[in-house]
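In: For reference, the sequence and a predicted model appear below.
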Amino acid sequence: MSLPTAKTLIMTDSGCDLDRSLCERIGVVQLPILVNLGDEIYTDRGNLQPPEFYRRIAADRTLVPRTSQIPPADFIRAFEAALKDHEEIVYISFSSGLSGTCESARVARETVAPERIHVVDSLSASVGQGLIVLAAAAMTKRGWSREQIVATLGALTEHIEHLFVAGSLEMLRRGGRVSKTVAVLGGMLDVRPILHIQQGKIYPLENARGEKKALRRLVELMSERGVRLAEQTIGLNYAGDRGIAERLREQIASAFGCTKFVISEIGAAIGAHSGPGTVSVFFFNQLADNLPPDLGLDVLDLPAF
């Protein structure tokens, strides 16, 4: 489905973990976060797709992937190009608490056209950010003004829940989230840390032993934190194993009657820190007054997930 040129262009980065082809299809421009792998620098979801990333780090355990924020110069080029065809831009960034990409976008905005560009700090990551991007794309398709879009996105960023089971304690250790001792003992005992995001930063929540207990606990936490879950579009992600996301989807559908999901594989920008085997769920603890619980995504005619 081709979309007409909208007055307001939605832009984002690969921290949203939506396939670039999907973003192009719905009229969203996605900029790649940079990933260092060995001696090479790659573009997340550009010349380094998720399956290849997980294959590479599994084949060579000496590889230590590292990420770099999108530099202001890249934003300047992207903003200037976009403003040739659109009156204004709403850029939805990876959480400022996890990356300097949001600040790079703000620096570029001041350089290019501050009155025509609005930077929204999603305070989110992965498909949590992705749901916000999809909602914004739906708003532009419905002809909403930039002011309406930005105000509604502000409400969404304040009320989205991120719950995830980390797949690699070693990756968390490298990122400073757990100690070396915890990583070694946790691996031996099959401990699955459950983490969440608050005010844009990652915090440990609790631990579970094994996949089954971890997934069961995610569903329990959804019940405690979510509202009108059956009516929402639920976000899920996975790293290297879609089966774990499908098992979680089945449990969520059974528990709450949910029928609408967005599922995506975690890219290298997030996977460099969480590792293979990670699975996450994203939903809202309060709904925006002027949006339906499913975010009105039907207008985008999204493919089946």
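Out: Structure's in. What do you need?
In: And the strands in the protein?
Out: 8-13, 28-31, 34-37, 40-43, 66-68, 88-93, 117-121, 160-165, 191-198, 201-209, 233-238, 260-265, 279-284 (DSSP state E).
In: Now render these as a markdown table, adding mean neighbour count, mean pLDDT and distance to V219.
Out: Every residue, glycine included, has its C-beta placed from N, CA and C. Below are the strands of the chain laid out as a markdown table (neighbours: other CB atoms under 10 Å; pLDDT from 0 to 100; distance: least, CB to CB, whole Å):
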| stretch | mean neighbour count | mean pLDDT | distance to V219 |
| --- | --- | --- | --- |
| strand 8-13 | 25 | 97 | 29 |
| strand 28-31 | 22 | 98 | 30 |
| strand 34-37 | 20 | 94 | 32 |
| strand 40-43 | 15 | 95 | 35 |
| strand 66-68 | 16 | 93 | 30 |
| strand 88-93 | 25 | 98 | 28 |
| strand 117-121 | 22 | 98 | 29 |
| strand 160-165 | 23 | 96 | 10 |
| strand 191-198 | 19 | 89 | 12 |
| strand 201-209 | 15 | 89 | 12 |
| strand 233-238 | 26 | 98 | 11 |
| strand 260-265 | 20 | 97 | 14 |
| strand 279-284 | 27 | 97 | 8 |
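In: which one of those strands lies closest to Q148?
Out: Of all those, it is strand 8-13 that lies closest to Q148, at 9.7 Å by CB to CB.
In: hang on, the earlier thing: let's have the strands of the chain in TSV, adding distance to I149.
Out: Formatted as TSV, those follow (distance: least, CB to CB, whole Å):
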stretch	distance to I149
strand 8-13	7
strand 28-31	13
strand 34-37	28
strand 40-43	27
strand 66-68	28
strand 88-93	6
strand 117-121	8
strand 160-165	16
strand 191-198	22
strand 201-209	25
strand 233-238	18
strand 260-265	19
strand 279-284	17
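In: so which of those gets nearest V150?
Out: Of those, nearest to V150 by CB to CB is strand 117-121, at 5.4 Å.
In: the inter-axis angle of that closest one versus strand 8-13?
Out: Between strand 117-121 and strand 8-13, the angle comes out at 40 degrees (axes from the mean of the first three to the mean of the last three CA atoms, to 10 degrees).
In: Okay, now the sheet partners of strand 117-121, with direction.
Out: Next to strand 117-121 in the sheet, as set by DSSP bridges, lie strand 88-93 (parallel).
In: and the partner strand, how far out from the chain's middle?
Out: 15 Å (CA atoms, centre = their mean, to the nearest Å).
In: which residues make contact with it from outside it?
Out: Residues outside strand 88-93 that contact it (CB atoms under 8 Å, 6 or more residues apart in numbering) are 7-13, 15-16, 75, 79, 82-83, 99, 101-102, 105, 109, 116-122, 129, 132-133, 136, 146, 149-150, 153.
In: before we move on, the earlier item: I244: which of the strands of the chain is closest?
Out: It is, among the strands of the chain and with distance given as CB to CB, strand 279-284, at 4.7 Å.
In: where do the helices sit along the stretch 101-250 of the chain?
Out: All helices of the stretch 101-250 of the chain, identified by DSSP state H, counting those that start in this stretch, fall at 101-112, 126-141, 146-159, 169-174, 180-189, 210-225, 242-256.
In: Give me whichever of those helices is most buried.
Out: Highest mean neighbour count of the helices of the stretch 101-250 of the chain: helix 126-141, a mean of 27 (counted as mean count of other CB atoms under 10 Å).
In: what are the C-alpha coordinates of that helix, in CSV please?
Out: These are the backbone C-alpha positions of helix 126-141, laid out as CSV (Å, rounded to 0.1, in the frame of the first residue of the first chain):
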residue,chain,number,x,y,z
SER,A,126,12.7,-2.1,20.9
VAL,A,127,9.0,-2.8,20.1
GLY,A,128,8.0,-0.5,22.9
GLN,A,129,9.4,2.3,20.8
GLY,A,130,8.0,0.6,17.8
LEU,A,131,4.4,0.7,19.0
ILE,A,132,4.8,4.5,19.5
VAL,A,133,6.2,4.8,16.0
LEU,A,134,3.3,2.8,14.5
ALA,A,135,0.8,4.9,16.5
ALA,A,136,2.4,8.1,15.1
ALA,A,137,2.3,6.7,11.5
ALA,A,138,-1.4,6.0,12.0
MET,A,139,-2.0,9.5,13.2
THR,A,140,-0.4,11.0,10.1
LYS,A,141,-2.5,8.7,7.9
